[in-house]
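[1] I would like the atomic coordinates for the input below:
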Amino acid sequence: MTRMKWRWARASAKTAIVLAAYLGVTAANGDYGCLPGSYQGWFVQMPAAGPGYYFYLNDGRWGVRDMVYGLMDAGCDFDELLVGPQGWGRIGIGHISKETGGYFSPHQSHRCGVDADMLLLTANGAEQGVVVGGANYSRDRTFLYIVYYLSAHLNMSHIFLNDPALYGPLIQYSPGHEDHMHVRIYRPSGFTESICPSYG
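    Below you'll find the predicted structure:
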């Protein structure tokens, strides 16, 4: 039996639940319709908590569908294999974007629904913030989550995470990313660097 995936969608101040297969259609102009000045409500809001994840901030849960559904699907797989059976803590997610996009203090990015801040995983499964090099920071669990769960569901351009042992083509240094990682997926068509800057 094939598992059908249902998603919440919001457009023009209306919210509905739809079958994921129907969400392959983008806005008529060929982009997601959420660029500044042309916002049409094509961001979707991620639930505050779900299988394998929770939000540790109260706002900024809006993103393009690839980001939101990718994080939700990664969370489902993570929950099924490690959170429930092995007692690992869920992944904590911070800001993605505001409902209408645009500048989101204190961030320089997080304007276009393609950035997400996430807490690092802990060695004892506690759902709390840790810093790279801290006693309860688990490099192995964090790296496993990136490689096996995020990479399986998100088309990532880079991750800012200041752990020198993990640096490579995907994971890079950026000031201020010792206590969380900043995940960026590739920008959809129409999202330019000036509108959607790459820095953290």
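
[2] Now do the SS call for the residue most central in space within the chain.
    Nearest to the geometric centre of the chain sits residue 116, at 4.0 Å (Cα atoms, centre = their mean). Counting by DSSP: H, G, I helix; E, B strand; the rest coil, the backbone at residue 116 sits in strand.

[3] Scan the protein for its longest helix.
    When the chain is parsed with DSSP state H, its longest helix is helix 65-78.

[4] how far is that one from where the chain is centred?
    Mean-position distance between helix 65-78 and its chain equals 8 Å (Cα atoms, centre = their mean, to the nearest Å).

[5] Show the subsequent helix or strand relative to that helix.
    Beyond helix 65-78 on the C-terminal side, the first helix or strand identified by DSSP states H and E is helix 84-86.

[6] Go ahead and name everything in contact with that next one.
    Helix 84-86 is contacted by no other residue when judged by Cβ atoms under 8 Å, 6 or more residues apart in numbering. The way it works is simple: take the backbone N, C-alpha and C, and place the C-beta from them, glycine included.

[7] cool, stretch 92-99 as well?
    Here stretch 92-99 makes contact (Cβ under 8 Å, 6+ apart) with 43, 45-46, 53-57, 59-63, 67-68, 71, 104, 107, 110-113, 115-119, 127, 129, 180.

[8] again, only using 7 Å
    Stretch 92-99 has contacts (Cβ atoms under 7 Å, 6 or more residues apart in numbering) with 43, 46, 53-57, 60-63, 67, 71, 104, 107, 110-113, 115-119, 127, 180.
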